[in-house]
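[1] how would this look folded up:
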Amino acid sequence: MRDLFQDYTPGARVRELENNAFDIVPNYRFNRDLSEEELVEENRLFSEVSIQIESIREELKRVTEEYKEKLKPLEAKAKKHLLTIKTGQEERVDTVYLIQDFDEGKIGTYTSEGVILGERDMKPAELQASVFRVQHGVTITSSLKTGTEGE
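    Numbering: from 1, shown residues only. This is a model prediction of the structure:
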């Protein structure tokens, strides 16, 4: 088969096609070959859209970085709260007091509230320090006061 009614005007061509058609199928999809001019125009349009896409991607990257920076402190707080919930403890920074117990040969680490955090064996140098105190008249009580004496 060959192309039909090519020398007709577009309106006359459609009338002739309708008059000679066995069936008419609306909205049928097909591909049509483009002319060189049409391809040049498609390339121009593609370039414009590509430039717009790149511009939007750059903006998205910038905005994403801004939001990441906003999220960092919140994520750090959430991590801290989660750790507190998991352990049932909170991290504190405070002065602690190392108290020697010569009867036990231990050193206790105490908070400013007098709560013991832990204990360990005395090191030889710490035992030497206690001998120095005794030799120089520093009085050390061997029984530590717990706050419950005299009750």
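[2] distance from the chain centre to stretch 30-44, please.
    Chain-centre distance of stretch 30-44: 46 Å, with C-alpha atoms, centre = their mean, to the nearest Å.
[3] and the end-to-end length of it?
    23 Å (C-alpha to C-alpha, to the nearest Å).
[4] right, and the helix or strand after the helix of greatest length in the chain?
    Taking DSSP state H as the criterion, the chain has its longest helix at helix 36-87. Downstream of helix 36-87, the next assigned helix or strand under DSSP states H and E is strand 97-101.
[5] re earlier: for the record, mean pLDDT for the longest helix of the chain?
    What helix 36-87 shows for mean pLDDT is 97.
[6] list the helices and strands it packs on?
    The contact analysis (3 or more C-beta pairs under 8 Å, 6 or more residues apart in numbering; DSSP states H and E) places helix 36-87 against no helix or strand. Bear in mind the C-beta positions are built from the backbone N, C-alpha and C, glycine included.
[7] going forward, count from 15.
    From this message on, residue numbering opens at 15, which makes the last subject helix 50-101.
[8] distance from it to the middle of the chain?
    14 Å.
[9] to what extent is residue 62 buried, counted in neighbours?
    10 (other C-beta atoms under 10 Å).
[10] likewise for residue 120?
    If we define neighbours as other C-beta under 10 Å, then residue 120 has 14 of them.
[11] my guess is it contacts residue 135, does it?
    Yes. Using C-beta atoms under 8 Å, residue 120 is in contact with residue 135, at 6.0 Å.
[12] mind splitting the protein into its structural domains?
    Following automatic domain parsing, one finds the domains of the chain at 49-105, 111-149.
[13] out of those domains, flag the one nearest residue 18.
    Among these, domain 49-105 comes nearest to residue 18, with 20.2 Å by C-beta to C-beta.
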